[in-house]
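Undergrad: Need coordinates for the following:
(one chain, ligands or ions: 2)
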Amino acid sequence: MHRIINTGRYPLDEPGTAGWDRVVEQARGELATDGCCVLSGFIRPELLDTLRAEGEALAPHAYYTVEKVNAYNIPLDADLPPDHPGNIVLERGNAFVARDLIPAEALIQVLYTNPVFQRFIADCFGLAELHEFSDPLAGLCLNVVAPGMSHPWHFDTNAFTVSMLTRAPEAGGVFEYCPGIRTPEDENLGDVRAVLTGAGAHLIRRLELRPGDLQLFQGRFSLHRVSPVEGTTQRHTTIFAYSEQPGVVGNVERTRQLFGRVLPDHIAAAGAVRGDRLLD
Ligand SMILES: O=C(O)CCC(=O)C(=O)O
Ligand SMILES: [Fe+2]
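TA: Ligands and ions are numbered 1, 2, ... in the order given. Predicted coordinates:
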């Protein structure tokens, strides 16, 4: 951890110390306030070139496909009232590199599997335990957004997401989110519709992310997107997917949509614990 993380700012080499508690308290406070927390400069600056280069080597192996979706990731032919924002069709143009293509020694794989990193993330989200996905593809992904593409407005199915920009685009590709736009009791369809139709600028916040920043996010209640990437370079983020219960494997159909293939584990696990993050 000392080799990878800026331990001067984030003392992950000293679990249980006052320094650890201070960082965790700060993260919890920001998550409670708007469901998002950025730990800036999490990765040591001298490793940022390696972080970017490892992602660049992986990006050609992403599964590139453009899919028509809606913000709720429910079928486009669902029978919804005419003015429901779920009728608004968006293009999902981001592509994922699956975990089984990411080398064990890549910085992001080392981080994802590190027990101290996992303990830190669990503490920040206030979780008693946290597990890597058993899914051989979806647990750790590189999310690639190429010029002209976007990761359109959506809610995450999973309660918490951990991500890290590893390569910034020249322009565009901004992470935009609407904190707490819905609650378990209220879908707030009017405001969601306003954002999707371009009339909700007052509801949208933008994050200035830099490579090596660690982002903790609760996307279940905050509509969010990556705006269209401009310029000539791709935008890369790592998605570190964890769950509170062990054994999560994604369902066959969604796995095929996201990665263009399924593995025996997916077929064997059909009907068992489902990988929520596969539903976005
Ligand atoms: O790549 C990003 O910054 C956001 C990714 C995201 O929202 C997701 O994977 O659900
Ligand atoms: Fe998301």
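Undergrad: Spatially nearest residue to G200, not counting backbone neighbours?
TA: Residue nearest to G200 in three dimensions, not counting chain neighbours: A194, with 3.6 Å by Cβ to Cβ, 6 or more residues apart in numbering. To be clear about C-beta, it is placed using only N, CA and C from the backbone, and glycine gets the same treatment.
Undergrad: sec struct for the one you found, please.
TA: Using DSSP: H, G, I helix; E, B strand; the rest coil, the three-state assignment for A194 comes out as helix.
Undergrad: give me the number of residues near it?
TA: A194: 19 surrounding residues under other Cβ atoms under 10 Å.
Undergrad: where's it relative to ligand 1, distance?
TA: To ligand 1, A194 is 20 Å away according to Cβ to the nearest ligand atom, to the nearest Å.
Undergrad: State the pLDDT value of the closest residue to E244 other than its chain neighbours.
TA: What sits nearest to E244 in space, not counting adjacent residues and going by Cβ to Cβ, 6+ apart, is L127, at 5.9 Å. Residue-level confidence at L127 comes out at 96, pLDDT.
Undergrad: And for A269?
TA: What the model reports for A269 is a pLDDT of 88.
Undergrad: Can you verify my assumption that it contacts V249?
TA: Yes: with the criterion set as Cβ atoms under 8 Å, A269 and V249 qualify as a contacting pair; they are 3.7 Å apart.
Undergrad: Which part of this structure gets nearest to ligand 1, residue-wise?
TA: The chain approaches ligand 1 most closely through T237 (3.7 Å), counting by Cβ to the nearest ligand atom.
Undergrad: Now that residue: closest residue in space, sequence neighbours ignored.
TA: Closest residue to T237 apart from its sequence neighbours, by Cβ to Cβ, 6+ apart: N143 at 4.6 Å.
Undergrad: so that neighbour is in which element?
TA: Here N143, judged by DSSP states H and E, is contained in strand 140-145.
Undergrad: and that strand, is it in reach of ligand 2?
TA: No: counting by Cβ under 5 Å from the ion, no contacts exist between strand 140-145 and ligand 2, the nearest distance being 9.1 Å.
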